[in-house]
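Peer 1: Got a predicted structure here, sequence first:
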Amino acid sequence: MAASGRLTRPVLVILGATGAGKSKLAVEMSTLFNGEIISADSMQLYQGLDIVTNKPTKEELALCRHHLVNFVSPLRKNSTVIEYSRTALSIIDTLLDEDKLPVIVGGTNYYVEALLWKFLLPSRQVSTLHEGPSSMGYSDLCPQFGFFHVFHPSSMVICQIVFGELF
């Protein structure tokens, strides 16, 4: 599917704090709208830790398909936001091609932002950012985040504070 077509297709995002009822709502929406759930929780990604991370119950897991829950063994590998983004975007593309609603649910806003940035940044900028901030100076890095005003009006000040400390 072309990138331009991807932006016109619906994707439901449910964000909130642990224990707020996101999983229950996501299951209801997935059932109602022929969707599948993609976890946006940096800890639910790992196998185990079910109670600590308030993972969906066995009943909720049985009601509709869940992606990226119990996905990585914490004993074998750490997961990065870049790996999460690549995997989740691939799942989203597959679901959209199957005319299913991707329901992204979790409390790790950074993971959701990584999905948004994939759509908002040209490929060249994404690959440059993935090389790491050490390859870029403050004056090179901050303009690439100029679109942040859409999300947060004081983003350039935040960018200067955060990245000014690093360089």
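Peer 2: Received, thanks.
Peer 1: okay, CA-based contacts and neighbour counts for the rest of this
Peer 2: Noted.
Peer 1: For residue 106, list each beta-bridge partner.
Peer 2: With DSSP bridges applied, the residues forming beta bridges to residue 106 are residue 15.
Peer 1: show me where this protein has strands.
Peer 2: For the chain, applying DSSP state E gives strands covering 12-15, 35-39, 66-67, 101-106.
Peer 1: Make a markdown table from these and add mean pLDDT and distance to residue 73 to it.
Peer 2: A markdown table is the format used below for the strands of the chain (pLDDT from 0 to 100; distance: least, CA to CA, whole Å):
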| stretch | mean pLDDT | distance to residue 73 |
| --- | --- | --- |
| strand 12-15 | 91 | 24 |
| strand 35-39 | 95 | 16 |
| strand 66-67 | 96 | 15 |
| strand 101-106 | 93 | 19 |
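Peer 1: check contacts around residue 19.
Peer 2: The neighbours of residue 19, taking CA atoms under 8 Å, 6 or more residues apart in numbering as the test, are residue 54.
Peer 1: Same list, the strands of the chain, but as CSV with distance to residue 46 and mean neighbour count please.
Peer 2: Formatted as CSV, those follow (distance: least, CA to CA, whole Å; neighbours: other CA atoms under 10 Å):
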stretch, distance to residue 46, mean neighbour count
strand 12-15, 19, 17
strand 35-39, 11, 25
strand 66-67, 12, 20
strand 101-106, 14, 25
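Peer 1: Reformat those as JSON lines; add distance to residue 24.
Peer 2: Formatted as JSON lines, the strands of the chain follow (distance: least, CA to CA, whole Å):
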{"stretch": "strand 12-15", "distance to residue 24": "11"}
{"stretch": "strand 35-39", "distance to residue 24": "11"}
{"stretch": "strand 66-67", "distance to residue 24": "12"}
{"stretch": "strand 101-106", "distance to residue 24": "10"}
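Peer 1: For residue 79, find the nearest of the ones you listed.
Peer 2: Closest to residue 79 of the strands of the chain is strand 35-39 (CA to CA; 13.6 Å).
Peer 1: partner strands of the closest one, parallel or antiparallel?
Peer 2: By DSSP bridges, strand 35-39 pairs with strand 66-67 (parallel), strand 101-106 (parallel).
Peer 1: Just want the angle from the biggest helix by length in the chain to strand 35-39.
Peer 2: Determined from DSSP state H, the single longest helix within the chain is helix 81-97. Relative orientation of helix 81-97 versus strand 35-39 (axes from the mean of the first three to the mean of the last three CA atoms, to 10 degrees): 180 degrees.
Peer 1: Which elements pack onto helix 81-97?
Peer 2: Secondary-structure packing of helix 81-97 (3 or more CA pairs under 8 Å, 6 or more residues apart in numbering; DSSP states H and E): strand 35-39, strand 101-106, helix 109-120.
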